[in-house]
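>>> sequence? don't have it. structure:
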């Protein structure tokens, strides 16, 4: 097993003499990816993803383009506020 750029490579096998290899790339599990996130930050990320899905639903399914654009501006605003407050708390 080898690690390359945060990916675990399993079953590295040589195919032929021209140095071609077959391998399986497995991304890191969630316990590594979300180790440094607080529960509140994970909830905010989920909220942002739900808002984006709602905005796309308004745009693509309902055809309400103005409402979709209005709602679609919430996620960057929420994430911007989270970044602002996190930077102020670190000082």
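Noted; the coordinates are in hand. For clarity, every value in this text was computed on a predicted model and none was experimentally measured.

>>> Now stretch 65-75: buried residues?
When burial is assessed from 16 or more other Cβ atoms under 10 Å, stretch 65-75 yields the following buried residues: 68, 71-72, 75. All C-beta spots, glycine's among them, are computed from the backbone N, C-alpha and C.

>>> Nearest to residue 47 among the residues you listed?
Nearest to residue 47 among these: residue 75, at 8.5 Å, using Cβ to Cβ.

>>> was I right about the closest one contacting residue 50?
No: at 9.5 Å, residue 75 does not count as touching residue 50 under the criterion of Cβ atoms under 8 Å.

>>> Residue 65 against residue 59, yeah?
Yes: using Cβ under 8 Å, residue 65 is in contact with residue 59, at 6.0 Å.

>>> Please, where are all the strands along the chain?
Ranges of strands in the chain, per DSSP state E, are 2-4, 7-14, 21-27.

>>> can I get the buried residues of stretch 65-75 in JSON lines with pLDDT and distance to residue 39?
Output for the buried residues of stretch 65-75, formatted as JSON lines (pLDDT from 0 to 100; distance: Cβ to Cβ, whole Å):
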{"residue": "68", "pLDDT": "95", "distance to residue 39": "30"}
{"residue": "71", "pLDDT": "94", "distance to residue 39": "25"}
{"residue": "72", "pLDDT": "94", "distance to residue 39": "26"}
{"residue": "75", "pLDDT": "94", "distance to residue 39": "19"}
